[in-house]
Each structure stands twice: as structure tokens, then as C-alpha cells.
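Peer 1: Generate coordinates for the sequence data below:
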Amino acid sequence: MHQALDQTDGKRKRSLIFKSHAFRAICALGCSLNVSAEELPMVPSASQTANVDKNGYNLFNRTPSSALREMSTDRPDKTESPYTVDAGHFQIEMDFITPSFDHDTSEGFDIQTDAWGVAPINLKVGLLNNTDLQVVLDTFDDVRTEDRTTGLITRDRGFGGITTRLKINLWGNDGGKTAFALMPFVEFPARGGGFDKKLIQGGLILPLAVSLPHKWDVGLMTEFDVNRGQENDRVHGAFVNSITFSHDIVGKLGGYVEFFSEVSTELESSWVGTLDGGLTYGLTENSQLDGGINLGVTESAPDVQYFIGLSLRF
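Peer 2: Numbers count the residues shown, from 1 in each chain. Next comes the predicted model:
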């Protein structure tokens, strides 16, 4: 990643500064090491930060730029990342818009559902070197449901709710072939224009990342949820699993494919399965653009969902 200094150019420089022993020593050192300071990375790799003790950094004593790990996001796939935001730094991950369409013809129904999520956002802050706090805002949802048999149309618009999450990395945050984290969360859904304490729900997410040969990466996630039904407020469980494979395509452009599964213990609920794919593009070391599509492979999943989003680190 470093370029050798040209020998002829080096001689010319030494002839111009032969009276300065300090400059002559710097040039000699630069030639011997074959490095150029201008090409040093702003953010070191995981292998470089693995040997740095970062445990003393926290929200009020932020990690210096020279010790930042590579930016990692919990988007655009549904599989969460086990890597946390560095202590004292902030990260914003958001969708611009997420249209979702579903046509349900099961059991004699003929129902079309069109849902639009506008600017859902995940706000993150690094509390410790291995812990970050996240606040997910479903800023505005617009769901239109049409029963094509009866002609009845219903529409639900408004604020979707707030989810708070705590990510605690157990290993692999700053290097290694694997990384694992615990992510407990609490969700405060909105109903009827405000929060309903009867709908508070939560769970635990267990994300694992594994580095594979030939620069492939795999992410696996298991999630246990305790939910409440929208109609009767009865508590039920849900079990989520997902797996995603990612690889760089060219330059800063990367891609992924993913399979997502959710099974609920709620009465008359069905298995939800989607096949997902998307692209990521690193605009800078602290910003990423992404987009993709999620395709339902089971009747209970939305037929198709599109998204495009942006992540920024400060």
C-alpha cells in the first residue's frame, strides 16, 4: 500500500538540502522503509487495532481516529452485526424510503397491502469499546389495505414506535476470524397515535460473524422475541434465524445474499421466509450507501420490499 521513493528524485532532494542533517536523515529513512506518509490509512485495519488496548475509552473519552476499527453497520441486510461503534463516536443508519407490497390470496382471501416506511432511522452511540446503545425510530408508516372481494379499504398512518437496543460484543470486535455479540432490546410500538404500555415487547438477538476463505464473510443471527398481538394483546413468542453471505465485487462496491426466517407461536400465524439481496458502496471510510430487495418465499411474507439507505459515522 506504500510506494517506493524514486532514487533519482531522492538524490535531487538530498542535493538541495545537503546543509540540513535533519532533512538528510528523514530522506534516508524514507528511502530505506519505502513508505509515503501521505498514503497511510486514516482508519487502521482490524489486524492493526487488535494489538491496541482500547479498554480505557468510553463515551466521555472517545477513541482516537488512529485507533478506530473499520466501520460496520447493522444494515442493509436483516442479519445484525456483532461489531459495535467505537467508544465516544456516533453512527446514523437510515432508509430513505421502504415500499413493501403484498397480495394475499390464501384461504379464499383477495387482499392487497401496500406499505411505505419513510426515513426509519437507527441512532447509535459507543458507550464503551465493546458496547453501544441504539435507538431505532420508525418515523412514519403508511399502510393501505384493500379487500378486493368486498371493496373495503383501510388506511393506517403515523409514527411506528421506538426500539432501544444495547449491543455488547463478547469477542472479535477488533480482530479475529469470528465475532459474537449479545443484543437485548425493548420495543415500544405506537397504536392509535400514541404508545400503549400493553404492547411493550422485547427480546434478545445473538449475531455471529465468520470470515471465510477467498475473502467471503458470513453472518448468522438467532433472535428470541416476546411479542404481543395487535388484536388481543396476548403474549406469544417468536424465533428468528437468518444467514447472509457477503463479498466485495469491485473496488468499494460489495454485495450480499441472505435468507431470513421467522416462526411465531401466535395462534394461526404462519412461517415468514424471505430471500434478500443488495449492494453496498463505501463513499468514504465513515459513510456507506446501500440498496436492495427482499422477496417473500412464503405466503405470510410480503411479496416484495425495496430499500435504499445511508450510514454515517462521526
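
Peer 1: Domains of this structure: list them as residue ranges, please.
Peer 2: Taking automatic domain parsing as the criterion, the chain consists of the domains 7-39, 46-313.

Peer 1: Deepest in the core, which of these is it.
Peer 2: domain 46-313 (a mean of 16; mean count of other C-beta atoms under 10 Å). (Each C-beta comes from the backbone N, C-alpha and C, glycine too.)

Peer 1: avg pLDDT for that domain?
Peer 2: Domain 46-313 shows an average pLDDT of 92 in the prediction.

Peer 1: which other helices and strands contact the host helix or strand of L310?
Peer 2: Following DSSP states H and E, the helix or strand that holds L310 is strand 304-313. Applying 3 or more C-beta pairs under 8 Å, 6 or more residues apart in numbering; DSSP states H and E, we find strand 304-313 packed against strand 90-104, strand 287-296.

Peer 1: what about that strand, distance to the chain center?
Peer 2: 10 Å (C-alpha atoms, centre = their mean, to the nearest Å).

Peer 1: With stretch 216-229 instead?
Peer 2: With C-alpha atoms, centre = their mean, you get 13 Å for stretch 216-229.

Peer 1: Repeat that for stretch 204-215.
Peer 2: Distance, centroid of stretch 204-215 to centroid of chain: 13 Å (C-alpha atoms, centre = their mean).

Peer 1: What of stretch 70-83?
Peer 2: With C-alpha atoms, centre = their mean as the basis, the mean position of stretch 70-83 lies at 3 Å from the chain mean.

Peer 1: Quick one: the strands in the stretch 51-200 of the chain, in order.
Peer 2: 90-104, 111-118, 121-128, 131-138, 140-147, 153-158, 161-171, 178-191, 194-195 (DSSP state E, counting those that start in this stretch).

Peer 1: Pairing partners for the longest one, with directions?
Peer 2: Next to strand 90-104 in the sheet, as set by DSSP bridges, lie strand 111-118 (antiparallel), strand 121-128 (antiparallel), strand 304-313 (antiparallel).

Peer 1: Out of the ones you listed, which gets nearest to D156?
Peer 2: Shortest distance between D156 and these, using C-beta to C-beta, is found for strand 111-118: 9.1 Å.

Peer 1: Next, K215: phi, psi?
Peer 2: phi 60, psi 30 (degrees, to the nearest 10).

Peer 1: doesn't D248 make contact with it?
Peer 2: Yes: between K215 and D248 there is a contact at 6.4 Å, judged by C-beta atoms under 8 Å.

Peer 1: okay, which residue is most central for the chain?
Peer 2: Among the residues of the chain, the one closest to the centroid is D74, at 1.5 Å (C-alpha atoms, centre = their mean).

Peer 1: Could I get the contacting residues of that residue?
Peer 2: 80-81, 93, 122, 134 (C-beta atoms under 8 Å, 6 or more residues apart in numbering).

Peer 1: repeat that with 10 Å
Peer 2: 80-83, 91, 93, 122, 124, 134, 136, 165, 167, 183, 205, 207, 311 (C-beta atoms under 10 Å, 6 or more residues apart in numbering).

Peer 1: What of V210?
Peer 2: By C-beta under 10 Å, 6+ apart, the neighbours of V210 are 172, 177-180, 216-220.

Peer 1: Kindly report the same for K252.
Peer 2: Here K252 is in contact with 280-285, 288-289 (criterion: C-beta under 10 Å, 6+ apart).

Peer 1: of all these, which comes closest to G273?
Peer 2: Closest to G273, out of all of the contacts of K252 and judged by C-beta to C-beta, is T280, at 23.2 Å.

Peer 1: Quickly find the element holding that closest one.
Peer 2: Element membership of T280 [criterion: DSSP H and E] is strand 272-284.

Peer 1: Assign a three-state SS to the residue lying closest to V263 once chain neighbours are set aside, would you?
Peer 2: Nearest residue to V263, sequence neighbours excluded (C-beta to C-beta, 6 or more residues apart in numbering): F239, at 4.9 Å. Assigned with DSSP: H, G, I helix; E, B strand; the rest coil, F239 falls in the strand class.
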